[in-house]
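A.B. asks: A structural model of the following input is requested.
(4 chains)
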2 protein chains.
Amino acid sequence: MSVTIRDVAAEAGVSSVVVSRVLHNKAPAVRVSDKTADRVRQAATKLGYRLNVSARNFRMQQTMSIGVLHGLGFLRPLFDRKSRYFASLMDGIVEGAFRHGYSVTMCPRLLGQSPEDAMTDGRFDGLVWYSAHFSDENRAMLRNCSVPLVLIHSPASYFDGQFPTVICDNAQGIGLAVRHLVDLGHKNIAFALEGAEPSVEALLRLEAFKRHMSDLGVPVSEDNILRLGWNADGLDEYLAARPRHSAVITNYEGLAAEFLLRAPLHGVRVPEDLSVVGFDSTAYANELEPKLTAVFQPLVALGNAAIDLLVKVIQGEPVAPLEIVIPCGFDIRSSTMPINSE
Amino acid sequence: MSVTIRDVAAEAGVSSVVVSRVLHNKAPAVRVSDKTADRVRQAATKLGYRLNVSARNFRMQQTMSIGVLHGLGFLRPLFDRKSRYFASLMDGIVEGAFRHGYSVTMCPRLLGQSPEDAMTDGRFDGLVWYSAHFSDENRAMLRNCSVPLVLIHSPASYFDGQFPTVICDNAQGIGLAVRHLVDLGHKNIAFALEGAEPSVEALLRLEAFKRHMSDLGVPVSEDNILRLGWNADGLDEYLAARPRHSAVITNYEGLAAEFLLRAPLHGVRVPEDLSVVGFDSTAYANELEPKLTAVFQPLVALGNAAIDLLVKVIQGEPVAPLEIVIPCGFDIRSSTMPINSE
DNA sequence: GTGAAAGCGCTAACAC
DNA sequence: GTGTTAGCGCTTTCAC
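C.D. replies: Numbers count the residues shown, from 1 in each chain, chains lettered A, B, ... in the order given. Okay, here's the model as predicted:
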């Protein structure tokens, strides 16, 4: 069918090994005479020879390809839907992978479903898994994983320090948000999160919220915690009853967006009646009305760092520390204002 | 090293052929007794057998993977940089590919560099190439392409109707823009494009601009065409001299953004002094100040349609028509206003 | 129903 | 410097 290494060998009057060496083995030990090498190259060009990557991958037991998994409850992350969370993370991952010569593959049924296949079937040299739920099922899957794997967003302790992990400094980021609001004179601040089983990071952020409030001498109790259902269920009731807080920090950008979108429907003005702080600060924050003040999560840097770690593991280098923590930033936009200014 | 099909065969006391059939051959002709099949499945579970995808790909000469190429002058498209052009297109491509069970791979050195490798080295079952330049080099590369390929954004005629292609209705889209401005009372309208060698689509849009202007009885000459250098070189001079047009249609969203960002620096108000219309209308349009009125290019639909076509070609089905044209929309935002309203 | 044999295209190991 | 041999794990063909 297509031209193989043996066809070239025949054409050049050498063995296939020589062809392989000349054409693909850039290694120093290419002990082939220049004359022969030329002949081989000419034959290859003449016949239009092209390396069969599948064959090589098979032979070499490596694919130079990295897979991306996620652990959330949706079928496929979208690059361009509201929050650019996934877009930014992928930019970092792709950038890192390309820098090391790896390709990045997204597979159906591997994003959110049966990641165990990707972990063991030889299709990837390594995996990045972000937002892995801390469940028994996932722990079992990770135990069986036969390729190098790096976690994003999971504290190392959650999987027994078994895998390197990259995470933003959630506590420090929430600290920036609390400090910002307190500086603006807010005392009655809520932390809003979604779902009956909040994510790993939601809980980290919640704990940080409580601690930073206390540290700044602001009273904090269960009343400062706004536990909403999925799809911000309960938010309309909260807003309709006039918010009992003057400011709210949301667990992620999309939730903050719900506040901004629904508040006007209930006559609640942002930021006059309620200051809103988000988490992530992707380009989406600039699209909202008013523009969203938010903790900046360095998603591109997280993706980059994860790949750097992963490539080290793939290449058998020792990695330390196992947990890389990247600090957050804070972007002040228009959804927050001083408490007394009206 | 890892558990192979032969290990399972030995454990179950059958040949590897049977194992293959039981485990992977969902085809109707699985002539294996239930008892044997059970034994095989148990052995597989016991040993923790996992299919080696590389081996199968190699054997089957197919990878269930689709590659994405582009023909522009940048090294790597970004998911989250300003215009969400690439993000939207990829959403459509990934969605389509997943629907058909294909994975999507992005390779270093294949986005913008040496796509010929991807075309012939067996790593992809098919390719999507968007924004392919209409050059002799690219035509030669396409001639040698040994896998199914679908173009996005290239008129079928540009590559001799050799490949199926998906494109938005540029002429109709520009028509919407011209009509909108004329309806607002504008007569002195410019079309702005970038670079010494404008892209295929830039020229299509330019031609459509001239035709629609004429059709609506608005005089149009070379003076209505604003030919800028790369990076909108020359735009500052244009703005500094006070725009000689009352409205401008730009060839793409990023160029419109340059108008919006630079106009204030020269005391030009948008839309009061200059109405600006963009092309693409991704989420970026909502981020700009003022929000950008723009022709909507259905990028997600384009990506989807391209994959549907590609999968047909891969599976050997006849495809007709070879050129799919998807109509544009028009999103009116805040960067345009009537000519007389001030 | 089941198995033996062959081979996809490539490269590592070793012999000469 | 160059060639021979062997085999990666899988599936297809064909014989039984």
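
A.B. asks: where does A:Phe86 sit, in terms of helix or strand?
C.D. replies: Assigned by DSSP states H and E, A:Phe86 falls within helix A:85-99.

A.B. asks: elements contacting whatever helix or strand comes next after that helix?
C.D. replies: Heading C-terminal from helix A:85-99, the first helix or strand you meet, by DSSP H and E, is strand A:103-106. Judged by 3 or more Cβ pairs under 8 Å, 6 or more residues apart in numbering or on different chains; DSSP states H and E, the packing partners of strand A:103-106 are strand A:65-70, helix A:85-99, strand B:103-106. C-betas here are computed from N, CA, C, even on glycine.

A.B. asks: apply 10 Å and report the result again.
C.D. replies: strand A:65-70, helix A:85-99, strand B:65-70, helix B:85-99, strand B:103-106 (3 or more Cβ pairs under 10 Å, 6 or more residues apart in numbering or on different chains; DSSP states H and E).

A.B. asks: need the strands for the stretch 51-200 of chain A, in chain order.
C.D. replies: Applying DSSP state E, counting those that start in this stretch to the stretch 51-200 of chain A gives strands spanning A:65-70, A:103-106, A:126-130, A:149-152, A:165-168, A:189-194.

A.B. asks: correction: the previous question concerned the stretch 201-342 of chain A.
C.D. replies: Counting by DSSP E, counting those that start in this stretch, the strands of the stretch 201-342 of chain A are A:225-228, A:247-250, A:275-280, A:293-296, A:323-326, A:329-331.

A.B. asks: ranking those strands by burial, who's on top?
C.D. replies: strand A:247-250 (a mean of 30; mean count of other Cβ atoms under 10 Å in any protein chain shown).

A.B. asks: output it as PDB, nothing but the C-alphas.
C.D. replies: Backbone C-alpha positions of strand A:247-250 (Å, rounded to 0.1, in the frame of the first residue of the first chain) are rendered in PDB as follows:
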ATOM      1  CA  ALA A 247     -20.900  41.200  50.200                       C
ATOM      2  CA  VAL A 248     -20.400  37.700  48.900                       C
ATOM      3  CA  ILE A 249     -17.400  35.700  47.800                       C
ATOM      4  CA  THR A 250     -18.400  32.900  45.400                       C
END
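
A.B. asks: for that strand, the averaged confidence score.
C.D. replies: Here strand A:247-250 scores 98 as its mean pLDDT.

A.B. asks: just name the shakiest helix or strand of chain A by mean pLDDT.
C.D. replies: Here the helix or strand of chain A ranked lowest by mean pLDDT, DSSP states H and E is helix A:115-120, holding a mean of 75.

A.B. asks: which secondary structure elements does that one contact?
C.D. replies: With contacts taken as 3+ Cβ pairs under 10 Å, 6+ apart, helix A:115-120 sits against strand A:65-70, strand A:126-130, helix A:136-144, strand A:149-152, helix B:53-60.

A.B. asks: just for chain A, where's the confidence low?
C.D. replies: Scanning chain A for pLDDT under 70 picks out A:1, A:25-30, A:72-75, A:110-113, A:340-342.

A.B. asks: middle-most residue in it, spatially?
C.D. replies: A:Leu89 (4.4 Å; Cα atoms, centre = their mean).

A.B. asks: now do the contacts for it.
C.D. replies: Neighbour list for A:Leu89: A:68, A:70, A:77, A:128, A:130-131, A:152-153, A:282, A:297, A:299-300, A:302-304, A:306, B:79-80 [criterion: Cβ atoms under 10 Å, 6 or more residues apart in numbering or on different chains].

A.B. asks: still on that earlier bit, send me the helix holding A:Phe86 as PDB with only the CA atoms.
C.D. replies: Provided in PDB are the C-alpha atoms of helix A:85-99 (Å, rounded to 0.1, in the frame of the first residue of the first chain):
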ATOM      1  CA  TYR A  85     -11.700  28.100  32.800                       C
ATOM      2  CA  PHE A  86     -11.100  25.100  30.500                       C
ATOM      3  CA  ALA A  87      -9.700  27.300  27.700                       C
ATOM      4  CA  SER A  88      -7.100  28.800  30.000                       C
ATOM      5  CA  LEU A  89      -6.100  25.500  31.500                       C
ATOM      6  CA  MET A  90      -5.800  23.900  28.100                       C
ATOM      7  CA  ASP A  91      -3.700  26.800  26.800                       C
ATOM      8  CA  GLY A  92      -1.300  26.100  29.600                       C
ATOM      9  CA  ILE A  93      -1.300  22.300  29.000                       C
ATOM     10  CA  VAL A  94      -0.900  22.600  25.300                       C
ATOM     11  CA  GLU A  95       1.800  25.200  25.600                       C
ATOM     12  CA  GLY A  96       3.700  23.000  28.000                       C
ATOM     13  CA  ALA A  97       3.200  19.800  26.000                       C
ATOM     14  CA  PHE A  98       4.300  21.400  22.800                       C
ATOM     15  CA  ARG A  99       7.400  22.800  24.400                       C
END
